[in-house]
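>>> Kindly generate the corresponding structure for this input.
(4 chains)
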Number of protein chains: 4
Amino acid sequence: MRRKVCVVVTARPSYSRIRSALAAIQAHPDLDLQLVVAASALLDRYGSAIHQIEQDGFAIAARVQMVLEGGDLTSMAKTTGLGLLELSSVFGHLRPDVVVTIADRYETIATAIAAAYLNLPLAHVQGGEITGSIDEKVRHAVTKLADLHFVATRRAAERVIAMGESPAAVHVTGCPSIDLAVETLRDPRLDFDPYERYGGVGGRMDLASGYLVVMQHPVTTEHELARAHVSETLHAVRDSGMPTLWFWPNPDAGSDGTSGGIRRFRELERPENIHFFKNMAPADFLRLIYNSRCLIGNSSVGIRECSYLGVPVVNIGSRQLGRERGRNVMDSDYARADIRRAVDAHLGNGRYPSDPMYGDGSAGERIARLLAEAPLTVEKRLAY
Amino acid sequence: MRRKVCVVVTARPSYSRIRSALAAIQAHPDLDLQLVVAASALLDRYGSAIHQIEQDGFAIAARVQMVLEGGDLTSMAKTTGLGLLELSSVFGHLRPDVVVTIADRYETIATAIAAAYLNLPLAHVQGGEITGSIDEKVRHAVTKLADLHFVATRRAAERVIAMGESPAAVHVTGCPSIDLAVETLRDPRLDFDPYERYGGVGGRMDLASGYLVVMQHPVTTEHELARAHVSETLHAVRDSGMPTLWFWPNPDAGSDGTSGGIRRFRELERPENIHFFKNMAPADFLRLIYNSRCLIGNSSVGIRECSYLGVPVVNIGSRQLGRERGRNVMDSDYARADIRRAVDAHLGNGRYPSDPMYGDGSAGERIARLLAEAPLTVEKRLAY
Amino acid sequence: MRRKVCVVVTARPSYSRIRSALAAIQAHPDLDLQLVVAASALLDRYGSAIHQIEQDGFAIAARVQMVLEGGDLTSMAKTTGLGLLELSSVFGHLRPDVVVTIADRYETIATAIAAAYLNLPLAHVQGGEITGSIDEKVRHAVTKLADLHFVATRRAAERVIAMGESPAAVHVTGCPSIDLAVETLRDPRLDFDPYERYGGVGGRMDLASGYLVVMQHPVTTEHELARAHVSETLHAVRDSGMPTLWFWPNPDAGSDGTSGGIRRFRELERPENIHFFKNMAPADFLRLIYNSRCLIGNSSVGIRECSYLGVPVVNIGSRQLGRERGRNVMDSDYARADIRRAVDAHLGNGRYPSDPMYGDGSAGERIARLLAEAPLTVEKRLAY
Amino acid sequence: MRRKVCVVVTARPSYSRIRSALAAIQAHPDLDLQLVVAASALLDRYGSAIHQIEQDGFAIAARVQMVLEGGDLTSMAKTTGLGLLELSSVFGHLRPDVVVTIADRYETIATAIAAAYLNLPLAHVQGGEITGSIDEKVRHAVTKLADLHFVATRRAAERVIAMGESPAAVHVTGCPSIDLAVETLRDPRLDFDPYERYGGVGGRMDLASGYLVVMQHPVTTEHELARAHVSETLHAVRDSGMPTLWFWPNPDAGSDGTSGGIRRFRELERPENIHFFKNMAPADFLRLIYNSRCLIGNSSVGIRECSYLGVPVVNIGSRQLGRERGRNVMDSDYARADIRRAVDAHLGNGRYPSDPMYGDGSAGERIARLLAEAPLTVEKRLAY
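As a prediction, the model looks like this:
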């Protein structure tokens, strides 16, 4: 009797993060993968993960359209409510043996509640970490709804257990996002022309003598500041004069602020040295980052993948506050001068040694094996 | 500047439990009460709390109809999704300074998420306890979404803190349900005729020489067994021959099983010694219990109020598993023989001494004072 | 290329009505049936059509749980909203070539809107009729959303065309409910014991010397009167002393009023001559009616099937106001005396001659053939 | 006893259209205005009507966030379902005496159903017209749900009556959008600098020697062609070399196609003679159009307001197909050559005489008076 494993992917970065596990689940003889693609992973506006998923050859069991327009707090809450309504139907239809939810985006709690209320065992990937903003609440609430925990680091495992979860249900798998980084390092050359392959808008600078990459997401609980924040970073990289490749933000509340800020800057300042991309295939993306001089912004990629890749990172603001980080990460305030100072310090330094703190490249395999072999139950109780 | 305190009541028992706190909030000079009545608290079928609330003189700021029919797991999940959609609008409209959610019913997580996502400080009453079933997951997930914790016992406070909450945010207020019990004990005589005042159906036995009270709710994760479980209890009390006052169950998933089981029993067995009530004003209800020979079932009233009242309790099955309990509680399996045995043991014993483990009668006052004075924030981080 | 025909059934009576068409669609070589079972058709409380559907051997493509508790106007509106959310997903998943919606229950407009907005051709069965209450608005609004019209009578066709629909899209198929009546008349003997086969509650009277049947639904826009109305009918049949077989009502707004009224009457009056059924297999139901002395209530069965069966009908109140009717129908006010008078008049009369005004027994076949052959389009324009 | 009139505005153009009626309702001594702002009227992305509404001094009784992202057919359907859920709560809270819904956008059927199901009399503004696309179905379905009809033209009144509505419920008020046009004509000078007052992006051409205005919305049922369509128009006006003021489209399904097409054109072609605006205060907008040489696109403004203003209009494609139009409107296919030909023909012609076919400037007053004086009922029946 093969176990049906339903994985719900709600955003492009979550897909990149879980991809190696999806492949391992699909390849496992005792598992059937039921992949549900939902929320912003379906939307062109956010660099639609769905096309990448189809291209990667995963069959899609259900699509769940659930994102409300507005880019504000109310639409986050309603998106989650809508997701809960829809995912209840989807799980009722698919009848999986276990549901997998990824990390801590606000809408993922809909997956967790739908699974828990339908008495389906829930596995949570990447619990036990610490950050700023609403993600912090979501992540730990999902831990309390989950029956199995696949965490990235030993420290994260300790935290999940401290929260009262049974040690037998907590597994240090490493983060599956590192799996791709490990694979990428086997041949890390930038062997494609990003402008040609991914289009985008803005200047088409020569990348040969080094370039910066920027990924800056709005921070939920300060969403009215999103415009001001992104403007500082835009000025910092424009003023640096270095070729810069910039990725549009996620659909968190406030992304309209960030996107609007970028649009306004482009219109008024017409920066020559910045090119904007919507998204990129994960392997290409990692190669691009690996070959950059510095990654700037507040993406978790800077914390996770870059620790393994050894890429210098300027981590802006509070979004990653609390996350374990390697020596390659330099924190910065939002102000353009702070950002410039950190970038300059990194440029002097060059690449850092690889650090396996977030994984060694086998997370996907470990997760698939645990999904096939771990005892599945929905009964749990606080350990103390 | 008075603080606006929005309390969301989703069921009759939650109302009974929070009532003294509502009164204290309403009376506090620095607080404005915004009472939202939702879910089964609006429905006649479940002994509509709304009429009691109106009778008690509380103004109702919003009503949220959200319960799906079906009495199954899917309808629980969808009810919660619908609640999240609606409560987001309600909070957006009322703009409270703090939201209060009560205990651990499945739909209460909608209150918690709506508040958390709208960046409203969330106070949780009765966290840190341990039980069986889905309530266990819901309760601790709500703890992780909440910013202030008003717990019933010292042990509960320790657990909430162990889960990573800041000790400064955890307050042992006692359970407000005990407040009414304390008040009731000042004059505990059964000074009304329950048949006359509350109607109901079934035999109208003389209560003077002692009677039993039954409250048995379905246990979510075993909802197909609900009929079988309730049938055992029905046989046990019918066979006892003692006058029995029975309260219809809550609208958890499976209540249709329990209600259907009761209806079938009545139709086929026409029990002469059981009278069925939909609900009762809380003070009357406590008097009724206080004067009973034994409370049977799986209601938390048996654990909480009865510890203070010293009423003998036969607690059936797993629903209250893990809850701290006084000497007055005897556990029983579902089988009718087990139930009979426990009842008989209690009848030999008589009343137990009062035990203040769940509160001393001032919980409502303490909660109101904390809502007025505690620092309000939505930023928190795991303590370890 | 076979056409995929998605039929959405939302209630037990709709299923009885469409059953012969479902069988004909399933049997048609150029059609694939996609049966969606939704709303009260899924609920035990309303005599769950789902079990009958499964027993009849139809595969179920999707189940849509959507009924809110409350039995009031708000829950009708929200049920419809929820249905629209869910059916959009279902249609997106099934990708039918044409959607079929039945008659005029309030929640059916969700089917119509979901189909219309997804650019799916919509066929409407039983448009062009006239009744009282909200059904009237719903029926004609669905006509304006539909692309194909399968109407029961010539008069209905004239009305649909008068409303501006293209005559080429309007087909007089007859009502498929008559198909089963025609089949039943081939051997109309009451060849089963209804008590034994269907259980139910109440007296088990000898039916040999004649009996009454009652089906009384609440009238939406007067839902607070539902209790009073049903009470009159209950008194009328109790006082008649005749054996009476009574069917519980549908889940329209107010059904709680009607159901509650029945429960109260049973409790207080303990009527000996009334037996209550939840539901019955359609063929058994028609046999039961055929052999009754009189059908009482406000069900459309009295208007449709009974015109063909020639069964005397006392039609109470405004619910069927405006519907074409045969000589077998006698209208009555809600008052018990009026009802008694009409019943007595019928009892003197006996059975009426069969009248094919609502169909000749081939509606299902005609509908299937049209679904296979009619041009399908979603473009239409008012004809004037 | 003043009547509470609840008007639901779901989009910027609807607001412009109803504004004079809102003012008249607010000024009427027997009416209380309850203005609900919903859907894209709340969203910045679509030129947020809400700011204009607040600036105009109307109090907002409720805000209903309901638009799903996706810009596709499924999100249209779900947006409507969500609107129905929310508006049921809003109407339940506001308890209006009559609800007003405007025209025929897809989401307006949510207003109509919520009102009808809650037994609230529904007034529909602008029924009885004929167009292409889904609007056609929505408009007439809303007519069948409505109890009062305020139509723009005598011909529209004839159609509503032909559909079976009672002539007593159908009133030719004229279209309130003309009210503002009449007022604007009293002093039609372009007395402001549109670049300065409204920002926007693109070239800032001198407008003194004449300019074009473009408003082109996607046509729902062909939404994949939206990009291709808008590209033709973009080329046509770019190639004309005339200064062109272009307004971003509405949030119908496909608007992402249209918006994306515009963005791509700007990026690749960098047109010098086109300036893009999000929106404009209605009076400024009318002045701008009045002083233009030609309005191009498929907006209903070209049909309605421009007939009164006498502005030459090139109406592209099928969106306004079937609408009554004045001599000022020249129809064109989507191809750039066709568009150019029509524009050139108009430029030779100049302004047309004013035609009051859509109203004489008193529609708002008439609507307010009817809302105050017309009998209100929810009972209706097909007239034939």
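
>>> Contact partners for A:Leu122?
Shown in contact with A:Leu122 (CB atoms under 8 Å, 6 or more residues apart in numbering or on different chains): A:98-101, A:111-112, A:115-116, A:145-148, A:378. Backbone N, C-alpha and C define where each C-beta goes, glycine included.

>>> Can you tell me which of these is closest to chain D?
A:Thr111 (18.3 Å; CB to the nearest CB).

>>> ranges for the strands of chain A?
Ranges of strands within chain A are A:3-9, A:31-38, A:60-64, A:98-102, A:122-125, A:148-151, A:170-172, A:201-202, A:212-215, A:244-247, A:274-277, A:294-297, A:313-316, A:329-332, based on DSSP state E.

>>> Relative to C:Asp30, which of those strands is closest?
Across the strands of chain A, C:Asp30 has its closest neighbour in strand A:60-64 (28.6 Å, CB to CB).

>>> rewinding a little: most neighbours out of the contacts of A:Leu122, which is it?
Comparing the contacts of A:Leu122 on neighbour count, A:Thr111 comes out first with 33 neighbours (neighbours: other CB atoms under 10 Å in any protein chain shown).

>>> What does the pLDDT read for it?
We have a pLDDT of 98 for A:Thr111.

>>> Could you do A:Leu321 as well?
We have a pLDDT of 83 for A:Leu321.

>>> how long is stretch A:49-62 end to end?
Using CA to CA, to the nearest Å, the end-to-end distance of stretch A:49-62 comes out at 14 Å.

>>> Give me the below-cutoff pLDDT ranges for the stretch 151-300 of chain A.
Along the stretch 151-300 of chain A, segments meeting pLDDT under 70 span A:220-224, A:250-256.

>>> For chain B, what's its nearest residue on it.
Closest contact between the stretch 151-300 of chain A and chain B, by CB to the nearest CB, is at A:Met163 (5.0 Å).

>>> I figured that residue hits B:Gly164, correct?
Yes: using CB atoms under 8 Å, A:Met163 is in contact with B:Gly164, at 5.7 Å.

>>> Common neighbours of these two, please.
In contact with both A:Met163 and B:Gly164: A:His140, B:Leu382, using CB under 8 Å, 6+ apart.

>>> Alongside chain D, which residues does chain A contribute?
Contacts of chain A with chain D, taken as CB under 8 Å from any CB of the partner chain, map to A:40, A:42-45, A:65-70, A:74-75, A:78, A:82, A:201, A:251, A:256, A:260, A:267.

>>> re the thing from before, columns distance to C:Phe277 on top of the strands of chain A, output as TSV?
Listed next are the strands of chain A as TSV, based on distance: least, CB to CB, whole Å:
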stretch	distance to C:Phe277
strand A:3-9	40
strand A:31-38	41
strand A:60-64	39
strand A:98-102	41
strand A:122-125	42
strand A:148-151	47
strand A:170-172	54
strand A:201-202	69
strand A:212-215	65
strand A:244-247	64
strand A:274-277	66
strand A:294-297	67
strand A:313-316	69
strand A:329-332	71
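
>>> Run the contact check for stretch A:37-47 versus chain B.
No: judged by CB under 8 Å from any CB, stretch A:37-47 makes no contact with chain B; its nearest approach is 13.5 Å.

>>> Give me the mean pLDDT for that stretch.
83.

>>> so how far is the lengthiest helix in chain A off the chain centroid?
As assigned by DSSP state H, the longest helix anywhere in chain A is helix A:73-94. Centroid separation for helix A:73-94 versus its chain: 20 Å, with CA atoms, centre = their mean, to the nearest Å.

>>> what mean pLDDT does that helix have?
96.

>>> Okay, A:Gly361 and C:His275: tell me how far apart.
Applying CB to CB, to the nearest Å, the value for A:Gly361 to C:His275 is 71 Å.
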